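**Q** next input, structure requested:
(chains A and B, ligands or ions: 2)
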Amino acid sequence: MIRLNNLSRVYQSNDIETTALDQVSLNIEQGEFVAIMGPSGCGKSTLLNILGMLDSPSSGEYHFLDQEISGFSERQLSAIRKHNIGFIFQSFNLVDELSVQENIELALLYHDIPAQERRQRVLQVMDKVGIGHRANHMPGQLSGGQQQRVAVARAVVGDQAMILADEPTGNLDSAHGQEVMEMLQQLNKEGTTIVMVTHSPAHADYASRTVNLFDGKVVTESVKAA
Amino acid sequence: MFKNYLQIAWRNLIADRLYSSINILGLAVGLASCLLLFIFIEDETSFDEHWPAAERTYLVQTTYFTTGAEAQTFDVAPGPLKQVLLDYFPDQLESATRMNRQWPIVKTRNDIYEEPLYFADPNTIDILQFDTLAGDLQSTINDNAAIALSEQLAIKYFGNTDAIGEIITIESWGIVKDFRVGAVYANVAHNTNIEGLTALIKIVEEDYLETQPWLFTNWGGGNNMTLITLKPGANIGDINERMEQLVKDKVIVPEFVQETYAQPEDWIAFEAIPLDEMYINQPGRKTNIAIFSGIALVILLIASINFTNLSVARSTRRAKEVALRKVMGASRQQLILQFLGETIFITVIALVLALMLVELALPFYSEFLERDLVFDYLGVNTLAMIGLVLTVGILGGVYPALVLSAFRPARVLKANKSAETSGSLMLRNLLVIAQFSISIALIVCAMVMFAQRQHAMNLEVGYDKDHIVILHGVGREPVAQQSRQKLLREQVLDLPGMKAATYINMFPAMATNWQLGLSFNREDGSQFSETISFRNVDEGFLDTFNAKVITGRYFDLNISSDVRPDFQLLHQNPETRQINTMVNEQAVAHFGFASNEDILGQVLEYRWGDMTIFATVIGVISDINYRTVRESIRPEVYIFVDYGGIGFLAVRFEDAPQRAEQTLLRYWQEQVPELPFVRTYVSEVIERDFQSEQKQALLLAIASSLAVIVSCLGLFGLASFTAERRFKEIGIRKVMGASVLDIVKLLTWQFSKPVLLASFIGCAGAAMLMLSWLQIFPYRISELWVLGSCLTASLLALLIAWLTVGGKATKVAQATPIKALRYE
Ligand SMILES: Nc1ncnc2c1ncn2[C@@H]1O[C@H](COP(=O)(O)OP(=O)(O)OP(=O)(O)O)[C@@H](O)[C@H]1O
Ligand SMILES: [Mg+2]
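**A** Numbering: from 1, shown residues only, chains lettered A, B, ... in the order given. Ligands and ions are numbered 1, 2, ... in the order given. Okay, here's the model as predicted:
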């Protein structure tokens, strides 16, 4: 599904160049569950953003579904993203002015789904992640963990082919963390490709493969024995 | 402390370039328009204020009473009045002068002209003021055979101002004299009521004593502009109070009206009015000034609203600075002062920019208004500028200052998020609505006014206004004689391309008019008595102006009672006061006759000076709009004259105007070489009649465009600000699959709502105003025009708003979403 070839991302700010990703080559197949690990600042979020086409590489190739997309316009990228990728951000990225329900609905809003069906699916997902009772709250009125669950709900409601999750359990206690992981695993079993950044080896165990990053380079890849 | 404020103000300005430039630019445009309108208003109110003793200078008006008709007042007076005034008020009057405007034929060594110029008493150069460029003005105006020329005329005649000693031959009122150029003076400023001060010649009464005594010597005439200056301390009220007694004591009723007016006070009255108030007191001037002041204020208001709006929006971003200052012990007053200081600082920068804009625009503006306007930085204008800065600075700054200084530090610092209150959001929306309502209303007004002018100008007047040319000079020797005028008309008709010709005393399409008192007894015994327009016509009138005889017959030169006898004869022989006359359709209705046939044979009594003339109606002429189209067609009566002494010849031609003019010019130069060829097209008269209003409508259009531009500038600023504030949200929406178009729609709709609401308000207000304004026109555009203008203006405003916001929104929407998500 994804093929990265010598992909680099260099940040340029005030004369200082930061190489966040350095010649990364990586393949991810359809239906895989990949965990990305590594110390803080090693480039995990950067990699995820590039995978999700939110950011573009400085050099190297990125093939998505056998298309070389590094030359694509924002509009083309947006179209691919819309139909294939769901996101869970490290910092939630909920819209402060919209309620929980509306935030989740956002993921369906641009997909030509009738309002009735949208509501149905949103209600279902909210129940699944256990925030149904907070449907009309604003993000500012929720705890960090609750916000995280809203973010998860928003990522899965669209039934995307791939979910990119940046520390989806970072703000959750272990019980809730477990729940989120099980949800992701369930989705994976149903065929969704999942790429997840995590600091927790226990959560990385849910994945079928773990990629270790260090200073922007892939250092080891370990495939879990089936 | 102050330095710190200034530093912060400056850094904020630099840091927020977009906000600052929009603010400053919008304000500068607003201030510049305001100043330009102010310059215009200042000029309008400055007429005749620059003379040495302007506040003590008065013009004497003359009123003539007519039995059975309205009294008429003129800005000129009979010749003897000046000396009578000086003798009658020796303690009050410092000086007095007469200025007699004439249109003589002027021959220089190079060419020949018909030129308006002044014959004046020597005192004129003391009461008015002239800057001598060459020669000696004092001795020239005291010299019976010398002329003083303005720079403009010297250049026209001799190519330069070095004209001293040149000889000019002037023929006026049948008197031909040579004059030596004794002085050249600088052109007189345009802001005076005394039109065309291009040349001055001393009045020599003896020259006219024999042939034209009415000009200066007896009370029978009255075309001398008479100016007086009072001694300091003298009271004009006292003088005006004693004017009636002066008339009783001094005025001698001329012979030709003695029959009717035994006492001079029944015939004439005088009143001195301040010269410097004459212009502004003309009808419409003050309304005009009010309108333009209003527009200036509105533009300024819109610019200030921008200012407030953007400051309020931005203030949320400065919440942290305010909170920290408060923590450090700043009082609320200090903060308010700081922020007010900042807005005033910005206003000063905008003012400097505005002054640059004004200087750039002034030459075009002057040319457009046909005035030499300057902006004087000293005096009233200094005050005006300080006033502007303080008003706008405080108006624009007071709300943000109050809001900012009221922030609670703890809340701002802890929450670390947008401190925007719903109140400020609401205020901003209200201000945007106000701005656009005003702008849209202005556009609607400008469009309707423009359409109405255009409509009036292009109105069907009933005759072919593009193919009638008026020749001047036919009332002068040697063509003024009856037989010669007759011959001239026939010769002109024989020229190729000429269709018809008629002598006229008044230009078509002008408001000026000749009237007489008309009365007759109705069948029921009641009397009809009114002042009515009359027109002298000849054989060519119908053909030239495309009029028809509807009932009865037209005048015939062979029927002696059709032709009006000349004045002398009428006077000497009362038997001749029985003539035939015609009327137009309007008159038939106005006089109360049921049908055109009914008026035939009716005898109308015309009051003419001191005579009554009995005129029998022989026919009815179709209505034509001979006079200005500002007014509906009036009732008119027609009197037939057999040529002689009439001022102008109107010629209808079928060729292209240039061809016709060439033909006429060639004829004129052959047949009347002693007179200059001067012509006016009727279309020119109409255009000139509407020129000032046309320009004002244009000025209004420009002003309203400026208002819209400034409003949009503000909208753009707000859109940018909002886009920025919603940056993260936009990023998230995009990650969720929103396309660029979705985002643009989202933002555009947010700003369309206030503009739409403003359209309703603005259109409703403007439509009401314009519909009642249109009522004053007899010929007006249909009400649908107002509706159309409303729709167009609304669409225009919406379109501009969309372009403004859409541009910004597109830019934001196209950015890579990660930028938005990183931003916090
Ligand atoms: N916009 C940016 N401009 C400059 N440097 C950046 C930018 N974004 C990230 N970096 C740098 O790139 C490197 C990788 O950042 P990234 O956010 O990918 O790290 P991470 O692995 O996700 O860390 P964490 O586990 O703390 O989330 C860091 O050194 C960071 O400082
Ligand atoms: Mg990270």
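**Q** for the residue nearest in space to the middle of chain A, name its beta-bridge partners.
**A** Centroid check for chain A by C-alpha atoms, centre = their mean gives A:Leu164 as the closest residue, at 1.9 Å. Following DSSP bridges, A:Leu164 is listed with bridge partners A:Phe87, A:Val195.
**Q** which strands and helices sit next to the helix or strand containing B:Val84?
**A** Assigned by DSSP states H and E, B:Val84 belongs to helix B:81-88. On a contact count with 3 or more C-beta pairs under 8 Å, 6 or more residues apart in numbering or on different chains; DSSP states H and E, helix B:81-88 meets strand B:57-66, strand B:93-102, strand B:224-230, helix B:243-250. For glycine as for every other residue, the C-beta is placed from the backbone atoms N, C-alpha and C.
**Q** re the thing from before, enumerate every residue touching the residue nearest to the centre of chain A.
**A** By C-beta atoms under 8 Å, 6 or more residues apart in numbering or on different chains, the residues touching A:Leu164 are A:Leu48, A:Leu51, A:Gly52, A:Ile85, A:Gly86, A:Phe87, A:Ile88, A:Val195, A:Met196.
**Q** which positions in chain A make contact with ligand 1?
**A** With C-beta under 6 Å from any ligand atom as the criterion, chain A comes near ligand 1 at residues A:Tyr11, A:Ser13, A:Thr18, A:Ala20, A:Ser40, A:Gly41, A:Cys42, A:Gly43, A:Lys44, A:Ser45, A:Thr46, A:Gln90.
**Q** verify the stated contact: B:His571 with B:Met611.
**A** Yes - in this structure B:His571 lies within contact range of B:Met611 using C-beta atoms under 8 Å: 7.1 Å.
**Q** what does the model give residue 1 for pLDDT?
**A** With no chain named, the answer covers chain A. pLDDT for A:Met1: 87.
**Q** try again with chain B
**A** 58.
**Q** again with the one 4 residues further on
**A** At B:Tyr5, the predicted lDDT confidence score is 69.
**Q** how about B:Val710?
**A** 81.
**Q** what's around it, how many residues?
**A** 26 (other C-beta atoms under 10 Å in any protein chain shown).
**Q** give me the nearest residue to it, chain neighbours excluded.
**A** B:Gly26 (4.8 Å; C-beta to C-beta, 6 or more residues apart in numbering or on different chains).
**Q** helix or strand for the one you found, which one?
**A** Counting by DSSP H and E, B:Gly26 is part of helix B:17-44.
**Q** quick one, what contacts the residue of chain A found nearest chain B?
**A** Of all residues in chain A, A:Lys82 sits closest to chain B, at 3.3 Å by C-beta to the nearest C-beta. Contact partners of A:Lys82, counting by C-beta under 8 Å, 6+ apart, are A:Tyr110, A:His111, B:Met736, B:Gly737, B:Ser739.
**Q** between those residues, which is closest to B:Val76?
**A** For these, the residue nearest B:Val76 by C-beta to C-beta is B:Ser739; the value is 77.3 Å.
**Q** name the SS class of the nearest residue to that closest one once chain neighbours are set aside, please.
**A** Leaving aside its sequence neighbours, B:Ser739 sits nearest to A:Ser78 (C-beta to C-beta, 6+ apart; 5.9 Å). Following DSSP: H, G, I helix; E, B strand; the rest coil, A:Ser78 is assigned to helix.
**Q** how near is B:Ser752 to chain A?
**A** Per C-beta to the nearest C-beta, to the nearest Å, B:Ser752 is found 19 Å from chain A.
**Q** any idea how far that residue is from ligand 1?
**A** 34 Å (C-beta to the nearest ligand atom, to the nearest Å).
**Q** related to what we said a few turns ago, just the buried ones out of the contacts of A:Leu164, please.
**A** Burial by neighbour count, 16 or more other C-beta atoms under 10 Å in any protein chain shown: within the contacts of A:Leu164 this picks out A:Leu48, A:Leu51, A:Gly52, A:Ile85, A:Gly86, A:Phe87, A:Ile88, A:Val195, A:Met196.
**Q** mind putting those into a markdown table with distance to B:Ile273 and pLDDT?
**A** Below are the buried ones among the contacts of A:Leu164 laid out as a markdown table (distance: C-beta to C-beta, whole Å; pLDDT from 0 to 100):
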| residue | distance to B:Ile273 | pLDDT |
| --- | --- | --- |
| A:Leu48 | 88 | 89 |
| A:Leu51 | 89 | 90 |
| A:Gly52 | 85 | 86 |
| A:Ile85 | 86 | 88 |
| A:Gly86 | 86 | 87 |
| A:Phe87 | 83 | 85 |
| A:Ile88 | 87 | 86 |
| A:Val195 | 93 | 94 |
| A:Met196 | 94 | 93 |
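**Q** out of those residues, which is nearest to A:Val211?
**A** For the buried ones among the contacts of A:Leu164, the nearest to A:Val211 is A:Val195 (8.9 Å; C-beta to C-beta).
**Q** which residues touch that closest one?
**A** A:Ile28, A:Val34, A:Ile36, A:Leu48, A:Leu51, A:Met162, A:Ile163, A:Leu164, A:Ala165.
**Q** so the first one sits against A:Ile2, correct?
**A** Yes - A:Ile28 sits in contact with A:Ile2 when judged by C-beta under 8 Å, with a separation of 4.1 Å.
**Q** just the closest residue of the stretch 451-600 of chain B to chain A, please.
**A** B:Ala451 (44.3 Å).
**Q** burial count for that residue?
**A** 20.
**Q** which residues does it contact?
**A** B:Ile781, B:Trp785, B:Ser789.
**Q** list just the nearest of these to B:Glu490.
**A** B:Ile781 (43.4 Å).
**Q** looks to me like that closest one is in a strand.
**A** No - read with three-state DSSP, B:Ile781 is coil and lies in no strand.
**Q** that one and B:His455 touch, don't they?
**A** Yes - contact criterion C-beta under 8 Å: B:Ile781 and B:His455 qualify, at 4.8 Å.
**Q** my guess is B:Ser519 contacts B:Gln527. True?
**A** Yes - if you go by C-beta under 8 Å, B:Ser519 and B:Gln527 touch, sitting 6.1 Å apart.
**Q** neighbour count winner among these two?
**A** The residue with more neighbours, out of B:Ser519 and B:Gln527, is B:Ser519; 16 against 9, by other C-beta under 10 Å.
**Q** excluding chain neighbours, what is closest to the more buried one?
**A** Nearest to B:Ser519 is B:Ser529, by C-beta to C-beta, 6+ apart, at 4.0 Å.
**Q** now B:Ile550: phi and psi?
**A** The phi and psi values for B:Ile550, taken as degrees, to the nearest 10, are phi -90, psi -40.
**Q** more neighbours: which of B:Ile781 and B:His455?
**A** B:Ile781 (19 against 16).
**Q** and the gap between the more buried one and chain A?
**A** Taken as C-beta to the nearest C-beta, the span from B:Ile781 to chain A is 48 Å.
**Q** rewinding a little: how about the residue nearest to B:Ser519, secondary structure?
**A** strand.
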